[in-house]
Structure formats: structure tokens, C-alpha cells
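Chemist: model this:
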Amino acid sequence: MADKKNIKKPIAYPENTTVSMLAEAEVIYNYQPFYSNTISLLNNAKKGLSAKAALDFLSLSGFTQNEFQETFKTTVKTIQNHVIRKLNLDAALSEKLLKSFALYDRGTALFGSANNFHQWLHAPAYGLGNQLPFTLMDTITGMQLIEEELIRIEYGALA
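Modeler: Model (predicted):
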């Protein structure tokens, strides 16, 4: 019986869903000024984001540690060490994170929640040659392709 108490199960209560969606919106809202336009994204990436941004994205996205490491080519342990030492991330990682936040912003608006968007990322996408969108997130070009697909879905141009 004691083992069953330690099993993490998703809670489906409406009030918890609302809290979760509010938390998602707050995380996204906090980073929107950093990627609101191309110049802002570029300048903030060059300055380097606080390492906490990577942990915020990990929390928002629902990525496993392995998915995070596969996408961002760094370990969660390294990010945690950067947070402890109050270090900023390099420009390339910062840019990738900002573009990822922007994707999650659009995907959350389109699919209703970060979890729904995360599920879409792991399903074959017709407009991406039936590839899993998640497998494209490790490059900036892949992220641009995902963004273009989200725009097509948003406007109903799926053919």
C-alpha cells in the first residue's frame, strides 16, 4: 500500500486544471517580452538568458530530462549548476529557448494547453512529412518548420 501513495498520477479536477493553465500562462507571459519581435529575441539571446529560464521551460513543456537534453544538447544537471552559480546561458542556447517559448506560446493558444501541444509534438504531422515535430526541435530550422505548420493549422490551410 505504501508504494501506491508514491505513484504520481495526473489529477483531473477542473480547479487543478485551471491552476495548471494559469501557471502555464504566467510562465509564457514572463518570457513574451524576450521574443515579442525578432530584434528583441536577438538582443536577449545575445545577452544570454538566466539559467532559470531553461528550468522554467522544462516545467512548462512537460519534456522529460532526456527530451530536454536531446533538444538543447545540455544536461539538466549543467543547467541546475548554472542556476546555483547564477550564470547566464550562451547565446545559442538562449535563442533556442526563446524560440521554444514562442512555439509553446503559439501551440498552447492553438491546442488549449501546454500538455496538448506536447502531445501534438509527439504525433506524426502531415505537413511535416509525417515526422514527429518534436524530432525537429533540436535545430532552429526545425523550429521554423514547426511554427509554419502551426500557422497552417491555425488558419486551416492543411493541404
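
Chemist: Now do F72 against I39, distance only.
Modeler: Here the criterion is Cβ to Cβ, to the nearest Å. By it, F72 lies 23 Å from I39. Every C-beta, even on glycine, is put in place using the N, C-alpha and C of the backbone.

Chemist: out of the two, which sits in the busier spot?
Modeler: Shown here are F72 and I39; by other Cβ atoms under 10 Å, F72 has more neighbours (23 against 8).

Chemist: Tell me, what's the model's pLDDT at that one?
Modeler: With respect to pLDDT, F72 has a value of 97.

Chemist: List the residues that contact it.
Modeler: A54, L93, K96, L97, D138 (Cβ atoms under 8 Å, 6 or more residues apart in numbering).

Chemist: so when I look at the third one, I'm seeing a helix, right?
Modeler: What that stands for is K96. Yes - under DSSP: H, G, I helix; E, B strand; the rest coil, K96 falls within a helix.

Chemist: Report the contact partners of it.
Modeler: By Cβ under 8 Å, 6+ apart, K96 lies in contact with T71, F72, I140, M143.

Chemist: can you check the second one too?
Modeler: L93 makes contact with L49, A54, F72, K73, T74 under the criterion Cβ under 8 Å, 6+ apart.

Chemist: Got a ChimeraX select line for the buried ones in these?
Modeler: Buried subset of the contacts of L93, written as a ChimeraX selection, criterion 16 or more other Cβ atoms under 10 Å:
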select :49,54,72,74
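
Chemist: Number of residues surrounding E154?
Modeler: 11.

Chemist: swap that for L128, sorry
Modeler: L128 has 17 neighbours, counted by other Cβ under 10 Å.
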